[in-house]
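> the sequence and its predicted three-dimensional model are supplied below.
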Amino acid sequence: LIAEADQLAASTGNAQYDIPDLSFPGVDEGGLTSSLGINSWSSQAKTLGFLQSLRDKQNSGQAPVGSDILATNINASNQLITPTIVADLIRAKTIKADHIEGLEIYTDKLGSLSDQYASLQQQVDQLAQGEVASPQAKGSIKFASGQFAVSLISLGTIESRGGLTVGGDAQFNGRSTFAGLVQLLNDVSAQGRVTFNKDSGGSAVIKKGANKVSVSFDKQYAQQPVVSISMLAAQRQLSDGSLEDISATEQRLFDAGYSYLVSNLNTKGFTIVLNKKALEDLDFTWSAVSIKDAATVTGLPDTSN
């Protein structure tokens, strides 16, 4: 540094080289003071200013260009002060800088994500304490992907335009609607009642003097369903308005000797047929179940004779 200053002084005819007013273009005095921990213009700041001024004069031809130093290692026990460092790789435990070019977009995104996470965490904390988030805190947060080790409470609607995979147990406390096909790949346990549509069961009446009744499904089954029917002992209403004793009804039906069967079963419906004409209106209940790949069991012939 002294040698460069002496050379510059000799070339300019000045016995001493001064840095005018200690004002360096592009150097923020406040920034230097805060980042380097200097309370005033110290010797390091003066040295940096001198080097910047010398570099500008060398670039403009007003000062001789110094020599290059080529070495395998340069070790400095205290500081290395220079306006510019050009390197493929810089390794450091700590870097203090007022500005790093090219990182603004990443720091802005990280800052935005940090703010959104802080806002989301604040809403979660408020909900956990029984507080309702203010309208200003409500908004939308979009993530392409991510993992979040937080518990979320939504006061509104959560909509997934793609798929949804739940790795653990799930509980739905309200009504749940599935508009498409639902496949249950394991056992199903229902603690309450299960209700099916009207194509799964109902009632049929064979009127007095008839011997059959046909049942049609509202929606055709994909494959032929399994149908079960039963005759129902319906009590008659007597002339005084009272109901016939149920035992008398049962005995009357037994004495009539009715037999019945399911005929013309297909994906659209079926027919209940009696062995004789009904002496009175006869009530039946029926149920239909669609079973995928229903098995057919065939008995062996009797070979005892």
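Good, I have the coordinates.

> run a quick neighbour tally on residue 112.
For residue 112, the count of nearby residues is 10 (other Cβ atoms under 10 Å). C-beta coordinates here come from the backbone N, C-alpha and C atoms, glycine included.

> give the rounded mean pLDDT of the helix or strand hosting it.
Counting by DSSP states H and E, the element that carries residue 112 is helix 104-128. Helix 104-128 shows a mean pLDDT of 73.

> next helix or strand past it?
strand 201-206.

> what's in contact with that following strand?
Strand 201-206 is contacted from outside by 212-213, 215, 229, 232, 272, 274, 278, 281-288, using Cβ atoms under 8 Å, 6 or more residues apart in numbering.

> and of those, the nearest to residue 259?
Taking Cβ to Cβ as the measure, residue 259 sits nearest to residue 274 out of these, at 7.3 Å.

> which residues touch the closest one?
Contacts of residue 274 (Cβ under 8 Å, 6+ apart): 206, 211, 212, 258, 259, 260, 282.

> what's the answer for residue 262, then?
Residue 262 makes contacts with 227, 229, 270, 271, 272, 273, as judged by Cβ under 8 Å, 6+ apart.

> can I get the one helix or strand the fifth one maps to in CSV, CA atoms only?
Spelled out, that is residue 272. Residue 272 is part of strand 269-274 when elements are defined by DSSP H and E. Listed next in CSV are the C-alpha coordinates belonging to strand 269-274 (Å, rounded to 0.1, in the frame of the first residue of the first chain):
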residue,chain,number,x,y,z
GLY,A,269,-87.0,-56.7,-11.8
PHE,A,270,-88.7,-59.9,-10.9
THR,A,271,-92.2,-61.5,-10.4
ILE,A,272,-93.7,-63.2,-7.2
VAL,A,273,-95.9,-66.1,-8.2
LEU,A,274,-98.5,-68.0,-6.1
